[in-house]
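>>> Curious how this folds, go ahead:
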Amino acid sequence: VTTTYTVVITNSSTGCSAMDSVTITVNPLPVADAGTNTSICQGFNTTLGASGGTTYAWTPTSGLSNSTIFNPVASPTTTTTYSVNVTDASGCVSNDSVTVTVNPIPTVSAGPDLGLCPGSSGTLNGSGATSYVWSPGATLNDSTIASTVATPAVATTYIVIGTDAYGCVNTATVSVTVNGLVITASANTSICDGVSTTLGVTGGLTYVWSPAGSLSNSTIANPVATPIGTTTYTVIGTAGSGCADTAFVTVTVNPLPPVNAGTSLSICIGSTANLSVTGATTYMWTPGGALNDSTISNPISSATATTLYTVYGTDGNGCTASDTISVIVHPIPVANAGPDVSTCLGSPVTLGATGGGTYSWSPATGLSSTTIPNPVATPSATTTYTVTVMGSGFCSSTSQVTITVNPVPVTSSSPDVSICSSEAAVLTATGGTTYLWTPSTGLSSTTTATTTASPAVPTMYVVLVGNAAGCTDRDTVVVNVSNALVL
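Model (predicted):
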């Protein structure tokens, strides 16, 4: 404390003494305060704050912005205890210290870069801290957790801010690339039933088509498709990155036109056949040589030999089908009714036709049958018969035969006569040009119109009278013979 000191000085020789005093004022030490201990993160700084004096001296000076002010900025690289000498107006000095703990920056990692396929997601993994904030957060399922799911539409660099238990912060980045894959399939197409078409796709590395059943190969870019009905094919293309894209191709299968040329036709040689086809819009007939037009639906055939025609019909979809029809050409039969013939009235004539399979005679008058090749004709007058001969395919021809009917002679002979034995009777016949008497017994002549008969017994004589046409008639005469009377 402040004290006044008194001193008495005595001269030993004289014994005289004197006295004086001095006061020592004791000033209190300043109350030095360096502030409270603090923590900072490596690379950051803190402002110190001392009090209690008028001048200050900090040690160590490293990391301080100014070592002689009360509030220097401290930027230590390691934990440091700073000491400050505080001097007041009396020149009294006191000391205090403060420790600045330097916490290391956390080693924050956002994980390895990712490559994603369009529309897919990937997990970002933050580490090295205790709390995290990711940005941009729009394409993340949660931007405040360590492991978050990213679904970017385009390539994005994500930043994660990690904070440790000391509040120290560090950042890390991770790049997420979007490996876009766009495959392009061939355009939709139409084919005809039973026809194939080649599909196509580009943009990928490998491909898988489905359904595979109607494809030549389901794992190539350009398979040949032969669907049995309209089919939509799906192709999945995969890139080297493993990303896939899907495309579709619809193959419309149009039915074949129902081309119908009808049933076979039969014609006779020299005639024509009217062909007709339905089911399509345009046509082509082959062979076309005997047709009046091979490109219409109803051409006329003038074939001279049996011909198989094929007609190709095409509909509005360009689909073509075919059908066949035979034009069977039958020969004309060569009808022959036989030579003309003469006959006598009442005498039958057997006709004989040739050249066909069936026969039809006209007129029917005087015929035993009109449907056989050799009917018996007994006309009452000269008649011309026409025979229609039918061959294969109902082809026919006609021929004629004339039967000349000659009249028979009108025969008249002597009436029956009676004679006596040894007498003679004159027999006479008329009406002809030739005569023949039978029996010849007792006759003077058998070949004259008049003959003398001297039969020994009763006899019936028959005379056959012929005319110039060779027709004959007969009559009879009986010559009765009586025995002579014996006297």
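>>> Spatially, which residue comes closest to S482, not counting chain neighbours?
Nearest residue to S482 in three dimensions, chain neighbours excluded: C420, at 5.2 Å (C-beta to C-beta, 6 or more residues apart in numbering). (C-beta placed from N, C-alpha, C; glycine too.)
>>> what residues does stretch 7-19 touch?
With C-beta atoms under 8 Å, 6 or more residues apart in numbering as the test, stretch 7-19 has contacts from T6, D20, S21, V22.
>>> Considering these, which is situated nearest to Y158?
Nearest to Y158 among the contacts of stretch 7-19, counting by C-beta to C-beta, is V22 at 79.7 Å.
>>> The closest one contacts T3, correct?
No - counting by C-beta atoms under 8 Å, V22 stays clear of T3, with 9.3 Å between them.
>>> picking up where we left off before, do you know how far the residue nearest to S482 is from T278?
Here the distance between C420 and T278 works out to 102 Å (C-beta to C-beta, to the nearest Å).
>>> Pick out whichever of the two has more residues nearby.
T278 (15 against 11; other C-beta atoms under 10 Å).
>>> what's the pLDDT at the residue nearest to the more buried one when sequence neighbours are not counted?
Excluding its sequence neighbours, the residue lying closest to T278 (C-beta to C-beta, 6+ apart) is N260, at 5.3 Å. We note a pLDDT of 98 for N260 in this prediction.
>>> Is N260 in contact with D323, as I believe?
Yes - at 5.8 Å, N260 and D323 qualify as touching, with contact defined as C-beta under 8 Å.
>>> where in the protein is pLDDT low?
Along the chain, the parts satisfying pLDDT under 70 run over 484-487.
>>> hmm, try it at 80
180-181, 240-241, 393, 484-487 (pLDDT under 80).
>>> CA atoms only for the one helix or strand I236 maps to, dumped as CSV, please.
Assigned by DSSP states H and E, I236 belongs to strand 231-238. Output in CSV follows, covering the C-alpha atoms of strand 231-238 (Å, rounded to 0.1, in the frame of the first residue of the first chain):
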residue,chain,number,x,y,z
THR,A,231,-47.8,-56.4,-85.6
THR,A,232,-46.2,-53.7,-83.6
TYR,A,233,-42.5,-54.5,-83.0
THR,A,234,-40.7,-53.1,-80.0
VAL,A,235,-36.9,-52.6,-80.2
ILE,A,236,-34.8,-51.8,-77.2
GLY,A,237,-31.4,-50.3,-78.1
THR,A,238,-28.6,-50.2,-75.6
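>>> Find the residue closest to P118 in space, skipping its chain neighbours.
Leaving out its chain neighbours, the residue that sits closest to P118 by C-beta to C-beta, 6+ apart is G180, at 5.5 Å.
>>> Restricting to C-alpha, output stretch 12-30 in CSV.
Taking Å, rounded to 0.1, in the frame of the first residue of the first chain, the C-alpha atoms of stretch 12-30 are listed here in CSV:
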residue,chain,number,x,y,z
SER,A,12,27.9,11.5,15.6
SER,A,13,30.4,14.1,16.3
THR,A,14,28.1,16.9,17.1
GLY,A,15,25.2,14.9,18.2
CYS,A,16,23.1,17.0,16.1
SER,A,17,20.2,15.3,14.2
ALA,A,18,17.8,16.1,11.4
MET,A,19,14.7,14.3,10.1
ASP,A,20,13.0,14.0,6.6
SER,A,21,10.2,11.8,5.2
VAL,A,22,9.3,10.2,1.8
THR,A,23,6.0,8.8,0.7
ILE,A,24,5.9,5.8,-1.7
THR,A,25,2.6,5.6,-3.5
VAL,A,26,1.8,2.0,-4.6
ASN,A,27,-0.4,2.0,-7.7
PRO,A,28,-2.6,-1.1,-8.3
LEU,A,29,-1.8,-3.4,-11.2
PRO,A,30,-4.1,-3.1,-14.2
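>>> That stretch: which residues count as buried?
Going by neighbour count (16 or more other C-beta atoms under 10 Å), the buried part of stretch 12-30 is L29, P30.
>>> Check stretch 437-450 too.
By neighbour count on 16+ other C-beta under 10 Å, the buried set for stretch 437-450 is W437, G442, L443, T446, T448, A449.
>>> Any idea how far apart the tips of that stretch sit?
10 Å (C-alpha to C-alpha, to the nearest Å).
>>> How about stretch 376-386?
This stretch, stretch 376-386, spans 14 Å end to end (C-alpha to C-alpha).
>>> Adjacent strands (with direction) for the helix or strand containing I40?
Assigned by DSSP H and E, I40 belongs to strand 38-41. Next to strand 38-41 in the sheet, as set by DSSP bridges, lie strand 93-103 (parallel).
>>> same for the following helix or strand past the strand it pairs with, what does it pack against?
Using DSSP H and E, the helix or strand that follows strand 93-103 towards the C-terminus is strand 114-116. The contact analysis (3 or more C-beta pairs under 8 Å, 6 or more residues apart in numbering; DSSP states H and E) places strand 114-116 against strand 122-125, strand 169-178.
>>> Same list, these, but as a markdown table with mean neighbour count and distance to C41 please.
Putting the helices and strands packed on strand 114-116 into a markdown table (neighbours: other C-beta atoms under 10 Å; distance: least, C-beta to C-beta, whole Å) gives the following:
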| stretch | mean neighbour count | distance to C41 |
| --- | --- | --- |
| strand 122-125 | 16 | 23 |
| strand 169-178 | 17 | 7 |
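>>> Show me the one of those strands that comes nearest F394.
Using C-beta to C-beta, the nearest of these to F394 is strand 169-178, at 83.6 Å.
>>> what does the strand holding I40 contact?
Outside strand 38-41, the residues that reach it (C-beta under 8 Å, 6+ apart) are 46, 76, 98-105, 166-169.
>>> how distant is stretch 58-65 from the center of its chain?
90 Å (C-alpha atoms, centre = their mean, to the nearest Å).
>>> Then stretch 76-90?
Relative to the chain's own centre, stretch 76-90 is displaced by 94 Å; criterion: C-alpha atoms, centre = their mean.
>>> now do the same end-to-end measure for it.
This stretch, stretch 76-90, spans 32 Å end to end (C-alpha to C-alpha).
>>> Next: stretch 139-157.
Across stretch 139-157, first to last residue, C-alpha to C-alpha, it's 11 Å.
>>> re the thing from before, name the residues of the strand holding I236 that are buried.
So, applying 16+ other C-beta under 10 Å, buried residues of strand 231-238: T231, Y233, V235, I236, G237, T238.
>>> So what touches stretch 351-363?
Contact with stretch 351-363 is made by 333-338, 367, 369-377, 383, 385-392, 396-397, 399, 401, as judged by C-beta under 8 Å, 6+ apart.
>>> same thing with stretch 417-437?
Counting by C-beta under 8 Å, 6+ apart, 409-414, 443, 445-454, 456, 461-468, 472-473, 475, 477-484 sit against stretch 417-437.
>>> Give the buried subset of those residues as a ChimeraX selection command.
Remark: buried members of these, expressed as a ChimeraX selection using 16+ other C-beta under 10 Å:
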select :409,411,413,414,443,446,448,449,451,453,454,461,463,464,465,466,467,472,473,475,477,479,481
